[in-house]
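S.K.: quick one, fold the following:
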Amino acid sequence: MLSEGHHQAILYDHAMPGMNGELLLKTVCADFPEVAALAVTQPGELRHGVLAMLAGASGYIQSPLRPEVMGASLRTALTKKWLDSAVRS
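M.R.: Got it, this is the predicted structure:
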């Protein structure tokens, strides 16, 4: 789906049914470096969020998802991607 349009960010669950979240993150980082990736983790799984960030995620959000947290996290991730891009240019 990412190759079908211009996407600025994705939210993905570490434990997606039928797909490995770590593999998805690696693919996004390698093939779509301009896309901010935010991992969604379950309560108490802080480790997964930290590991996702070490692997290239722009951040993580813990479930249950709250609109105000999602908005702030997306703004932060997009700003970080924009700044990274500006530094590389």
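S.K.: then stretch 34-54 to CSV, C-alphas only?
M.R.: Provided in CSV are the C-alpha atoms of stretch 34-54 (Å, rounded to 0.1, in the frame of the first residue of the first chain):
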residue,chain,number,x,y,z
GLU,A,34,10.7,9.7,4.3
VAL,A,35,7.7,8.0,6.0
ALA,A,36,7.5,8.4,9.8
ALA,A,37,6.6,5.0,11.5
LEU,A,38,4.9,4.9,14.9
ALA,A,39,4.7,1.6,16.7
VAL,A,40,1.6,0.8,18.7
THR,A,41,2.4,-1.2,21.8
GLN,A,42,0.2,-2.8,24.4
PRO,A,43,0.2,-1.5,28.0
GLY,A,44,3.3,-2.8,29.8
GLU,A,45,5.2,-3.5,26.6
LEU,A,46,7.5,-0.4,26.8
ARG,A,47,10.4,-2.6,25.7
HIS,A,48,8.7,-3.1,22.3
GLY,A,49,8.4,0.6,21.8
VAL,A,50,12.0,1.3,22.7
LEU,A,51,13.2,-1.5,20.5
ALA,A,52,11.1,-0.2,17.6
MET,A,53,12.7,3.3,18.0
LEU,A,54,16.2,1.7,18.1
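S.K.: quick one: buried residues of it?
M.R.: Neighbour counts using 16 or more other C-beta atoms under 10 Å place 35-41, 45, 48-49, 51-53 of stretch 34-54 among the buried residues. Bear in mind the C-beta positions are built from the backbone N, C-alpha and C, glycine included.
S.K.: now, which of those residues sits nearest S63?
M.R.: For those, the closest approach to S63 (C-beta to C-beta) belongs to V40, at 6.1 Å.
S.K.: helix, strand, or coil at the closest one?
M.R.: Following DSSP: H, G, I helix; E, B strand; the rest coil, the label given to V40 is strand.
S.K.: picking up where we left off before, can I get the buried residues of stretch 34-54 in TSV including pLDDT?
M.R.: Below are the buried residues of stretch 34-54 laid out as TSV (pLDDT from 0 to 100):
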residue	pLDDT
V35	92
A36	94
A37	94
L38	95
A39	94
V40	93
T41	91
E45	88
H48	90
G49	91
L51	92
A52	93
M53	93
